[in-house]
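Q: The following comprises the amino acid sequence and a computationally predicted model.
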Amino acid sequence: MDERTFDDVVRRWSMAGSRRGVLKSAFASTLAGLGIASLLDVDDAEAKSCKKKCKDKKDKKKRKECKQKCQTTPGPGTCTPKAPEAPCASSEECCPNETKYTCGLSHNSGLTNVCCGTQGAACTTTFQCCREPISFNCVGGQCVPL
């Protein structure tokens with residue numbers, strides 16, 4: 001983190017009000033961050049689940065076909081993400097593993113889900129960062145929690 005970003009973060013925390021309010025914000029941010037991290041690991045869990053189902057097949061040919069289907073499922077590095085602020089129906093469209101973008105509400109999207117940045121996502125404006133479940137701001141070219 002560069003000096004300017006650090007100073008901005010410290011300034012925001014110092015303006016947050018009471019110690020209790022700052023502590024609540026830190027706790028909420030941590031919980032929300034853990035929730036977002038668990039959403040980003042969904043693809044890995046799905047691939048493991050697919051392979052596990054294949055082992056249960058008795059017929060050797062069907063088991064082999066099943067495993068091939070699991071391998072042809074797009075993995076990390078093969079996803080083509082939608083542009084930041086593009087409407088979306090699911091996070092997979094935003095390629096969260098590659099971009100740190102997810103499908104959610106941004107500062108400019110109203111009630112429409114769009115691809116928006118989470119912790120560490122590249123951005124040029126705060127409109128590209130998510131505002132729910134926790135709010136991110138574009139600071140120094142990256143989405144950071146408020």
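A: Nice, I can see it.
Q: Tell me which stretches of this structure form helices.
A: Using DSSP state H, the helices of the chain run over 3-14, 19-40, 42-55, 60-72, 96-99.
Q: Mean pLDDT lowest where, among the ones you listed?
A: Here these differ in mean pLDDT, and the lowest is helix 19-40 at a mean of 46.
Q: Now for His107: which residues touch it?
A: For His107, the contact set (C-beta atoms under 8 Å, 6 or more residues apart in numbering) comprises 126-127, 129, 131, 135. Heads up, the C-betas are built off the backbone N, CA and C, glycines and all.
Q: redo that, cut-off 7 Å
A: Shown in contact with His107 (C-beta atoms under 7 Å, 6 or more residues apart in numbering): 126-127, 129, 131.
Q: If you rank these by neighbours, which is first?
A: Within the contacts of His107, Cys129 tops the neighbour count with 28 neighbours, counted by other C-beta atoms under 10 Å.
Q: that older thread, just name the closest of the contacts of His107 to Cys143, please.
A: Cys143 has its nearest neighbour among the contacts of His107 in Cys129, at 3.9 Å by C-beta to C-beta.
Q: Cross-check the contact I'm expecting between the closest one and Cys116.
A: Yes - with contact defined as C-beta atoms under 7 Å, Cys129 reaches Cys116; the gap is 6.0 Å.
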